[in-house]
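Peer 1: Fold the following.
(one chain, ligands or ions: 1)
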Amino acid sequence: MKIGIDKIGFYTPHIYVDMEKLAEARNIEPAKFTIGIGQSQMAVAPITQDSVTLAANAALEIIDDEDREKIDFVIFGSESGIDHSKSGAVYVHQLLGLNPHARAIEVKQACYGATAGIQMAKGHIALNPDSKVLVLGTDIARYGLNTPGESTQGAGAVAMVISANPKIMVLENPNVYLTNDIMDFWRPIYSDKAFVDGKFSNEQYILFFNKVWEAFKAKSGLELKDMEAICYHLPYTKMGLKALRTVLDEATEDVQERLLENYQVSTLYNRNVGNIYTGSLYLSLLSLLENKDDLQEGNRIGMFSYGSGAVGEFFSGTLQPNFKQYLNIDGHRSLFNARKEVSIEEYEKIFEETLPTDGTDIELDINRDPASIVLSGIMDNKRQYVNKKR
Ligand code: COA
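Peer 2: Residues are numbered from 1 along each chain as shown. Coordinates of the predicted model:
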């Protein structure tokens, strides 16, 4: 049975900062951010967006009435969840008006959560071929003002419907995965900002890629030449390139050229959004599919997922007939074009504006946020969400 990505949606908040201006404000050479890190713009989450609203907005774009009926499993992959107990999936399920006879859970393993969700969805569809699964990768990346990680923040979500006979990409077997207990990046439950050993995380990312790629080749018999492109988890766009370069000499010059060219296309959206943790790999896939004109049915895309801590996975998928027809290229262009730049002062103010953590009620001004689904406040320790379209 063919199982894979039937639909893919994306959402990022309506405001961003320019990375050259951020560099200037931090007395850093702008080229360090735009070339060394490879980021041009960074999405900023207003207080009215959290991991639930980002995910729900991304899903709203792709869900129709048939999906509302057939989705019986919602998997919310996130490392910026809003509750230690209740899953973000339950809120999204309600905000989208999905069939009550569904499972709804949250999956956490740093930036790997959405990949775990997709693989779980594959198993669920194998057992229940008529059902569909909604997988969400949704996060706000926060390292703190004036920290080395600041240039690798961002906010956004990718939503995917996984089904049998998918319209966009069939997920292939085999997959290769790897776990090792390391402290390269983590966020204790008392902190709203991540702790990171940046250099170590870069090294481990590459090491994990090399290990799963070697094992994938042995298990699948596939090589670089069989990949039209490889998409990477992108904490920043230079990261995947560093990993790709370690294996390029396995291929002929033509193949190297193709992979490098397609890598650049696969980073276009991420370059202007920043790190969205769990959704980053899938934003890279979306960037490739929506911006590369000559991709064809049957092309194979390699996918490298990495979640610090750490779990890595390599798998592949093949593009389906007329897949372009089922993407929302114009919608995503409009989403990017409608965004507004905020100054560094405004960004710092927004960054420091956080929700109360002592049980105080708060009412938020939702008119300043053009998103369809927003957080309108907290009452009696309960987050209040509004779907303006309902
Ligand atoms: N022009 C062009 N490039 C420049 C430059 C300039 N003026 N100044 C510096 N650079 C390059 C550096 O050479 C380096 O490139 P390289 O990594 O290819 O050698 C790059 O910019 C980054 O510089 P570096 O000094 O390493 O940056 P940093 O110490 O400030 O930290 C991270 C960078 C990514 C480690 C940091 O932002 C971080 O910790 N991020 C969060 C963790 C993360 O994203 N981990 C990834 C794995 S999940």
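
Peer 1: Tell me the pLDDT of Arg390.
Peer 2: Per-residue confidence (pLDDT) for Arg390: 83.

Peer 1: How about whatever residue of the chain ends up closest to the ligand, nearest residue that isn't a chain neighbour?
Peer 2: Distance from the ligand to each residue of the chain (Cβ to the nearest ligand atom) is smallest for Gly36, at 1.9 Å. No exception for glycine: its C-beta is placed from N, CA and C like everyone else's. Take Gly36 and drop its neighbours on the chain: the residue closest to it by Cβ to Cβ, 6 or more residues apart in numbering is Lys238, 6.7 Å away.

Peer 1: And Ala338, by the same measure?
Peer 2: Nearest residue to Ala338, sequence neighbours excluded (Cβ to Cβ, 6+ apart): His14, at 6.6 Å.

Peer 1: What of Ile75?
Peer 2: In space, and not counting its chain neighbours, Ile75 is closest to Gly117: 3.6 Å by Cβ to Cβ, 6+ apart.

Peer 1: wait, the one you found sits on Thr138?
Peer 2: No. With contact defined as Cβ atoms under 8 Å, Gly117 does not reach Thr138; the gap is 10.7 Å.

Peer 1: and the two? which has more neighbours close in?
Peer 2: Thr138 (34 against 28; other Cβ atoms under 10 Å).

Peer 1: how about that one, what does it touch?
Peer 2: Applying Cβ atoms under 8 Å, 6 or more residues apart in numbering, we find Thr138 in contact with 51-52, 54-55, 58, 76-78, 80, 88, 156-158, 276, 278-279.

Peer 1: Take these and keep only those in helices.
Peer 2: Judged by DSSP state H, helices contain the following of those: Ser51, Val52, Leu54, Ala55, Ala58, Gly88.

Peer 1: For these, work out which two are farthest apart.
Peer 2: Across the ones in helices among the contacts of Thr138, the longest distance by Cβ to Cβ is 12.3 Å; it joins Ala58 and Gly88.

Peer 1: between the two, what contacts are shared?
Peer 2: Here Ala58 and Gly88 have Leu136, Thr138 as joint contacts, going by Cβ under 8 Å, 6+ apart.

Peer 1: Next to the ligand, which bits of the stretch 251-390 of the chain? Give me the list.
Peer 2: The stretch 251-390 of the chain comes close to the ligand at residues Ser308, as judged by Cβ under 6 Å from any ligand atom.

Peer 1: so what sits against both of Gly117 and Thr138?
Peer 2: Contact with both Gly117 and Thr138 is made by residues Phe76, Gly77, according to Cβ under 8 Å, 6+ apart.

Peer 1: Tell me which helix or strand Lys238 sits in.
Peer 2: Using DSSP states H and E, Lys238 falls within helix 237-245.

Peer 1: any idea how far that helix is from the chain center?
Peer 2: The chain centre lies 17 Å from the centre of helix 237-245; the measure is Cα atoms, centre = their mean, to the nearest Å.

Peer 1: what does stretch 204-212 give?
Peer 2: Relative to its chain's centre, stretch 204-212 lies at 19 Å (Cα atoms, centre = their mean).

Peer 1: Now do the same contact list for Leu327.
Peer 2: Residues counted as contacts of Leu327 (Cβ under 8 Å, 6+ apart) are Ile8, Ile168, Leu286, Leu289, Glu290.

Peer 1: any chance of those in CSV, with neighbour count too?
Peer 2: Compiled in CSV, those are given as follows (neighbours: other Cβ atoms under 10 Å):
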residue, neighbour count
Ile8, 26
Ile168, 23
Leu286, 27
Leu289, 24
Glu290, 21
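
Peer 1: can you tell me if the helix or strand of the chain with the lowest mean pLDDT touches the ligand.
Peer 2: Least confident helix or strand of the chain, by mean pLDDT, DSSP states H and E, is strand 195-196 with a mean of 92. Yes. Using Cβ under 6 Å from any ligand atom, we find that strand 195-196 touches the ligand at Val196.

Peer 1: Given that strand, what are its sheet partners and their directions?
Peer 2: Counting by DSSP bridges, the strands paired with strand 195-196 are strand 185-186 (antiparallel).

Peer 1: So for the strand it pairs with, mean pLDDT?
Peer 2: Mean pLDDT, strand 185-186: 96.

Peer 1: Skipping its backbone neighbours, what lies nearest the residue most central in space within the chain in space?
Peer 2: Note on the chain: the residue nearest the mean C-alpha position is Gly279, at 0.9 Å, using Cα atoms, centre = their mean. Of all residues beyond its chain neighbours, the one nearest Gly279 is Gly137 (3.4 Å), with distances taken as Cβ to Cβ, 6+ apart.

Peer 1: pull the CA atoms of the host helix or strand of the one you found into CSV?
Peer 2: In the assignment (DSSP H and E), Gly137 maps to strand 132-141. Output in CSV follows, covering the C-alpha atoms of strand 132-141 (Å, rounded to 0.1, in the frame of the first residue of the first chain):
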residue,chain,number,x,y,z
LYS,A,132,-6.2,10.0,7.6
VAL,A,133,-3.8,11.3,10.2
LEU,A,134,-3.0,15.0,10.8
VAL,A,135,0.6,15.5,11.8
LEU,A,136,1.7,18.9,13.1
GLY,A,137,5.3,20.2,13.6
THR,A,138,4.9,23.5,15.5
ASP,A,139,7.3,25.6,17.6
ILE,A,140,8.6,28.9,18.7
ALA,A,141,12.4,28.8,18.9
